[in-house]
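K.L.:
Fold the following, please.
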Amino acid sequence: MNNEIDTSIFRAYDIRGVYPKEINEQTAYTVGKSYGSYLQEKYNKNTCIVSHDNRLSSESLSQNLIKGITSSGCNVINYSLTTTPMNYYGRYLNQMPGIMVTASHNPKDDNGFKFSFDGMINARGEMIEDFKNYTLAGNFNNGLGKVTNSNITDKYLEYLKYSIKYGKNKRKIVIDPGNGATCSIVKKVFDNSFCTPIYINETLDGNFPAHHPDPAVAENMKQLQERVKKERADFGVAYDGDGDRIGIVMDNGEILPIEYFMIICIRDMFNNVANKTFLYDIKCSKSVDDYIRSIGGTPLCYRTGASYTEYKVHEANLPFGGEYSGHVYFRDRDADCCSAVYATLRFLEIMSKTSEKLSKMVESFPKYYSTPEIKIPCADNIKFQVVEKVKEYAKSMNYPINDIDGVRITYTNGWALVRASNTGPNIIFRAEADSEEGARILENIYVGMVQKEIDSKNVL
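P.N.:
Here you go, the predicted structure:
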């Protein structure tokens, strides 16, 4: 049974694949039985949290996952449909590990499992590798665990409001949950917040009919941009499929770079936190680094991945960390679960303290020119070798590099990043420079280099 699992679904941050080709109900049962056994054997824990997003396959996978977990003798608290941050909050409240059935921002036919062993922070890297080997070995416990059906919504809604203190300026905002899991709570939150909310795509629909639920991709923000302009709203927000990524549109209809959102948040909390170190991931613009240094803080550039970011901000007790993808962690007031809805409330609080337009507010921020995030298709079995070749080139040219996650090569006028995607068969490229031409030159150099390496390996 366990040997039938497609090992490619075990990735750096989670388990993820195409349903039902790579992940199906049998996979869910096996992963559940392994997970329940692993918790008992390695962590001496006998109860966990389970919930799922609104993808078409999620409920069925969740039911089979729970069957697997309980067949190992491990108990389950089942929260059914939630956002991923709600699942995390359930772990935090109960001080126990858990699994979220979701494929986050991936296409609608994908699904998977985000899971923890040691409490709230998700498994990552070597932890997942060890769990994969344990699962493939197939030496599982047998038992009769029990299922407790529960609901986290009311407690979570209370938690979201905790510590938010508005100013005098009520803002009109457009909210696009993208037909994803946040549709289950979004009106309960914002109908009772200090704002005038307008909703689009607010009905739960695992087909995601309006657009793909990933606000980090500009194409998916067009509808929100048009609506913000039409309504003359102060800003708009969009969420990914499971509610842990945020994207923002300014009053003028332009997308707010996530780095500028991070700068606004850091500026707001800077004088109220003891630790002045703030984390950003390796894909972020140099504008974040520049700004943190300019106000006397310490920037920390870290590897990409929500699990890694969450781990690092907790380990170093940082007040804030953010990723280019739209994951943001506020830890200046209370333990946070990387919630896009909470990030919206914090942003509303900041904007309620001023009457200034958002588009005006960012005019003084450090400005660079960047490429979009470019995905270059590359087979999983060669992508790390290709990145290594680029790294060797940069070293041979004596360029300064940061290789914590792929390789980020620094030039006097900008930088280029080449890294292997941890969620799909792609190599990710992004470049930034102090001119559009500079960014384009870096793109031409490195995208061409990467493609050449891929082609040479495919010929062999």
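K.L.:
Only C-alpha atoms from now on, for both contacts and neighbour counts.
P.N.:
OK.
K.L.:
who does residue 78 bridge with?
P.N.:
residue 50, residue 149 (DSSP bridges).
K.L.:
For it, give its distance to residue 189.
P.N.:
Using C-alpha to C-alpha, to the nearest Å, we find residue 78 at a distance of 23 Å from residue 189.
K.L.:
Give me the more crowded residue out of those two.
P.N.:
Using other C-alpha atoms under 10 Å, the more surrounded residue of residue 78 and residue 189 is residue 78, with 22 against 15.
K.L.:
Which element, helix or strand, includes residue 454?
P.N.:
Taking DSSP states H and E as the criterion, residue 454 maps to helix 436-459.
K.L.:
Identify the residues contacting that helix?
P.N.:
Helix 436-459 has contacts (C-alpha atoms under 8 Å, 6 or more residues apart in numbering) with 369-371, 376, 378, 382-383, 386-387, 389-390, 413-416, 418, 429-433.
K.L.:
In strands only, show me those residues.
P.N.:
Using DSSP state E, the subset of the contacts of helix 436-459 located in strands is 369, 370, 376, 414, 415, 416, 418, 429, 430, 431, 432, 433.
K.L.:
Look at residue 458 and say how many residues are nearby.
P.N.:
11.
K.L.:
Check the gap between it and residue 378 for me.
P.N.:
10 Å.
K.L.:
One more: residue 308?
P.N.:
Counting by C-alpha to C-alpha, the gap from residue 308 to residue 378 is 23 Å.
K.L.:
Check residue 323 too.
P.N.:
Taking C-alpha to C-alpha, one finds residue 323 at 23 Å from residue 378.
K.L.:
If you average pLDDT per helix and strand, which one of the chain comes out bottom?
P.N.:
helix 306-315 (a mean of 91; mean pLDDT, DSSP states H and E).
K.L.:
list the helices and strands the helix or strand following that one packs on?
P.N.:
Counting by DSSP H and E, the next helix or strand C-terminal to helix 306-315 is strand 320-322. If you count contacts as 3 or more C-alpha pairs under 8 Å, 6 or more residues apart in numbering; DSSP states H and E, strand 320-322 packs onto strand 277-281, helix 306-315, strand 328-330.
K.L.:
what about 7 Å?
P.N.:
Packed against strand 320-322 by the contact rule (3 or more C-alpha pairs under 7 Å, 6 or more residues apart in numbering; DSSP states H and E) you find strand 277-281, strand 328-330.
K.L.:
Any idea which of these gets closest to residue 92?
P.N.:
strand 328-330 (14.7 Å; C-alpha to C-alpha).
K.L.:
model confidence over the closest one, on average?
P.N.:
The pLDDT scores in strand 328-330 average 95.
K.L.:
Ok, stretch 241-257 next?
P.N.:
Stretch 241-257 comes out at a mean pLDDT of 98.
K.L.:
show me the contacts for residue 255.
P.N.:
Residue 255 sits next to 248, 249 when contact means C-alpha atoms under 7 Å, 6 or more residues apart in numbering.
K.L.:
Next: the one 4 residues further on.
P.N.:
By C-alpha under 7 Å, 6+ apart, the contact list for residue 259 reads 284, 285, 288, 324.
K.L.:
Can I get those in CSV including distance to residue 365, neighbour count and secondary structure?
P.N.:
Putting the contacts of residue 259 into CSV (distance: C-alpha to C-alpha, whole Å; neighbours: other C-alpha atoms under 10 Å; DSSP: H, G, I helix; E, B strand; the rest coil) gives the following:
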residue, distance to residue 365, neighbour count, secondary structure
284, 14, 23, coil
285, 12, 26, coil
288, 9, 26, helix
324, 17, 21, coil
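K.L.:
which among those gets closest to residue 143?
P.N.:
Of the contacts of residue 259, the one sitting nearest to residue 143 (C-alpha to C-alpha) turns out to be residue 324, at 43.5 Å.
K.L.:
Can you tell me the closest non-neighbouring residue to the closest one?
P.N.:
residue 284 (5.2 Å; C-alpha to C-alpha, 6 or more residues apart in numbering).
K.L.:
Residue 257 too?
P.N.:
residue 248 (7.8 Å).
K.L.:
so the one you found makes contact with residue 239?
P.N.:
No. The pair residue 248 and residue 239 does not pass the contact test of C-alpha atoms under 7 Å, sitting 9.1 Å apart.
K.L.:
Neighbour count: the two, which is higher?
P.N.:
residue 239 (30 against 27).
K.L.:
For the more buried one, give me phi and psi.
P.N.:
When quoted as degrees, to the nearest 10, the phi and psi of residue 239 stand at phi -120, psi 160.
K.L.:
for it, what are its contacts?
P.N.:
176, 177, 178, 213, 215, 245, 246, 247, 340.
K.L.:
Narrow those to those in strands?
P.N.:
176, 246, 247.
K.L.:
who does the last one bridge with?
P.N.:
Put plainly, it is residue 247. residue 238.
K.L.:
I'd assumed residue 236 was in contact with it.
P.N.:
No. Contact criterion C-alpha under 7 Å: residue 247 and residue 236 do not qualify, at 8.3 Å.
K.L.:
What pLDDT is listed against the closest residue in space to residue 22 that isn't next to it in sequence?
P.N.:
Leaving aside its sequence neighbours, residue 22 sits nearest to residue 6 (C-alpha to C-alpha, 6+ apart; 6.1 Å). On pLDDT, residue 6 comes in at 94.
K.L.:
and if you look at the one 4 residues further on?
P.N.:
According to the per-residue confidence, residue 10 scores 95 in pLDDT.
K.L.:
change the start of the numbering to 58 and stick with it
P.N.:
Happy to do that; since the first residue is 58 now, the last one works out to residue 67.
K.L.:
Which residues are in contact with it?
P.N.:
Here residue 67 is in contact with 73, 185, 189 (C-alpha under 7 Å, 6+ apart).
K.L.:
change it to 8 Å
P.N.:
73, 185, 186, 189.
K.L.:
Just grab the bridge partners of it for me.
P.N.:
residue 72.
K.L.:
Next one: it relative to residue 112, how far apart?
P.N.:
Residue 67 is 20 Å from residue 112, by C-alpha to C-alpha.
K.L.:
Can you lay out the ones in strands among the contacts of helix 493-516 as a markdown table showing neighbour count, distance to residue 163 and pLDDT?
P.N.:
Putting these into a markdown table (neighbours: other C-alpha atoms under 10 Å; distance: C-alpha to C-alpha, whole Å; pLDDT from 0 to 100) gives the following:
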| residue | neighbour count | distance to residue 163 | pLDDT |
| --- | --- | --- | --- |
| 426 | 17 | 27 | 97 |
| 427 | 23 | 24 | 95 |
| 433 | 18 | 16 | 97 |
| 471 | 20 | 30 | 96 |
| 472 | 22 | 28 | 98 |
| 473 | 23 | 25 | 98 |
| 475 | 26 | 21 | 98 |
| 486 | 24 | 18 | 97 |
| 487 | 25 | 20 | 97 |
| 488 | 28 | 23 | 98 |
| 489 | 27 | 26 | 98 |
| 490 | 25 | 29 | 98 |
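K.L.:
which residues of the chain fall in helices?
P.N.:
Counting by DSSP state H, the chain has helices at residues 82-100, 115-128, 141-151, 183-194, 210-218, 243-247, 279-288, 315-326, 343-351, 363-372, 397-409, 415-418, 437-453, 493-516.
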